[in-house]
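A.B. asks: All I have is the shape, not the residue letters:
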Ligand code: ARG
């Protein structure tokens, strides 16, 4: 049995084959279960338009569900000589079902197959990312509330600037994640539209029922125009990559802060010993390697939209094999981000804060503005108060009053965490993963 879907009479040059198949046999494994879901929907639709008998559809469904089971067990492989997951599944169907297996590709192309696989994969992964982001958000809010009265220095130019607090610091990253979640929501909605039926990018002369596959796969709607459906390859990944990069940006900054504040020269936070690593030569070391690796991985993730852009940029309309390479960057990005979010959540839950930072007189000057404002409240013009306090500090005559009274929205004394949570909730409630999950379960018969 031919292992290549397109093999006719000429032998393929093995070097050319190795080069064109590239890493598909390995990477397509991530798409396998979604390829099966797509085929379940497509074959149901083919039966409805008379291209398959009920018995043929049933035997295809049985076999596809067996393959799904093999994938779940981790036993699915793309055999030597088989190009990709699409070929492997068709080969398995044809081996067991003969002519019925050979009918499944009616009205579709590997171009719309890989499109639908990518959409389904991404939809699932985005759901996981959103759930993980929400967990980190909740952890940050809890820490912000727990430590809302613990002051720390705020910096500009890395110079001691004004009073800040752990309530503000943790809460800032929570609010940042709320904005990232907006991006993820947009990414999810863009992703959740059905490209199946666009075939090679120009549709088909079979009377395909695209509305039916859209519903069976639990998509919100379809990529209607078949040319646009194909044009979405690369564009969709790039835009989703922007959402991932947004989360990664938040994490990378948090990681840098944590490394810096954990250094002896700051001593603002302490990572629990179990979250640090040692040195082979310096016996005293407890290094924040986790946050350093997290920072590097997240910085790399922030390059992803650009990496994808460079591959797909300037391609005209229609499918090109260039697009295959995007999978190498895009598919593993989710695992990397999920791992980083999980690590950040684990450590943020356990991080200890120094409640006594301000006892150190090196931070006294950060109360300068508090003193200026106090004098201004008593009636001294702001500029005069500014000058007086400045001269006092230079003359060594400044004794800070360390009580803080900030009351406006989002300040030390009024964090607005409730509002930040409401913002996050309103974004999350606009995302419904249930429909997609139910549709997939129904397709595999569970
Ligand atoms: N492996 C290919 C990809 O990822 C599948 C589509 C192949 N289509 C084609 N016309 N050669 O793009």
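C.D. replies: Noted; the coordinates are in hand. Values in this document were obtained by computation on a predicted structure and should not be read as measured data.

A.B. asks: For the helix or strand residue 68 falls within, name the packing helices and strands.
C.D. replies: Element membership of residue 68 [criterion: DSSP states H and E] is helix 54-73. Contact partners of helix 54-73 among helices and strands, from 3 or more Cβ pairs under 8 Å, 6 or more residues apart in numbering; DSSP states H and E: helix 32-48, helix 85-97, helix 99-102. Every C-beta, even on glycine, is put in place using the N, C-alpha and C of the backbone.

A.B. asks: which one of these lies closest to the ligand?
C.D. replies: helix 85-97 (6.6 Å; Cβ to the nearest ligand atom).

A.B. asks: and the angle from that closest one to helix 32-48?
C.D. replies: Note on geometry: by axes from the mean of the first three to the mean of the last three Cα atoms, to 10 degrees, helix 85-97 and helix 32-48 are set 60 degrees apart in direction.

A.B. asks: Report the buried residues of helix 85-97.
C.D. replies: For helix 85-97, a neighbour-count test (16 or more other Cβ atoms under 10 Å) marks 85, 86, 87, 88, 89, 90, 91, 92, 93, 94, 97 as buried.

A.B. asks: likewise stretch 116-135?
C.D. replies: Taking 16+ other Cβ under 10 Å as the criterion, stretch 116-135 shows 116-127, 129-130, 132-134 as buried.

A.B. asks: and the residue in the stretch 251-400 of the chain that the ligand sits nearest to, which of the three is it?
C.D. replies: Closest to the ligand within the stretch 251-400 of the chain is residue 324: 3.7 Å, counting by Cβ to the nearest ligand atom. Here residue 324 is recorded as helix under DSSP: H, G, I helix; E, B strand; the rest coil.

A.B. asks: swap in residue 317?
C.D. replies: Secondary structure assignment for residue 317 (three-state DSSP): coil.

A.B. asks: which bits of this protein sit near the ligand?
C.D. replies: 24, 84, 110, 111, 114, 319, 321, 323, 324, 327 (Cβ under 6 Å from any ligand atom).

A.B. asks: and the gap between the nearest residue to the third one once chain neighbours are set aside and residue 25?
C.D. replies: Which is residue 110. For residue 110, ignoring the flanking residues on the chain, the nearest one in space by Cβ to Cβ, 6 or more residues apart in numbering is residue 86 at 4.8 Å. Distance, residue 86 to residue 25, using Cβ to Cβ, to the nearest Å: 12 Å.

A.B. asks: And residue 253, by the same measure?
C.D. replies: Distance from residue 253 to residue 25, by Cβ to Cβ: 38 Å.

A.B. asks: Ok, residue 432 next?
C.D. replies: According to Cβ to Cβ, residue 432 stands 35 Å off from residue 25.

A.B. asks: Going by how many neighbours each has, rank these two and give me the top one.
C.D. replies: Remark: of residue 432 and residue 25, residue 25 carries more neighbours, 19 against 11, as counted by other Cβ atoms under 10 Å.

A.B. asks: Quickly find the element holding the more buried one.
C.D. replies: Counting by DSSP H and E, residue 25 is part of helix 24-27.

A.B. asks: Could I get the buried residue list for that helix?
C.D. replies: Across helix 24-27, burial judged by 16+ other Cβ under 10 Å covers 24, 25, 27.

A.B. asks: Tell me the one of those nearest residue 69?
C.D. replies: Within the set of the buried residues of helix 24-27, residue 25 lies nearest residue 69; the separation is 20.8 Å, counting by Cβ to Cβ.

A.B. asks: Who's the closest spatial neighbour of that closest one, skipping the chain neighbours?
C.D. replies: residue 78 (4.3 Å).

A.B. asks: separation between the one you found and residue 60?
C.D. replies: To residue 60, residue 78 is 20 Å away according to Cβ to Cβ.

A.B. asks: okay, those two: which has more neighbours?
C.D. replies: residue 60 (25 against 22).

A.B. asks: residues touching that one, list them.
C.D. replies: Shown in contact with residue 60 (Cβ atoms under 8 Å, 6 or more residues apart in numbering): 39, 43, 52, 93, 97, 100, 101, 104.

A.B. asks: try 7 Å this time
C.D. replies: By Cβ atoms under 7 Å, 6 or more residues apart in numbering, the contact list for residue 60 reads 43, 93, 97, 100, 104.
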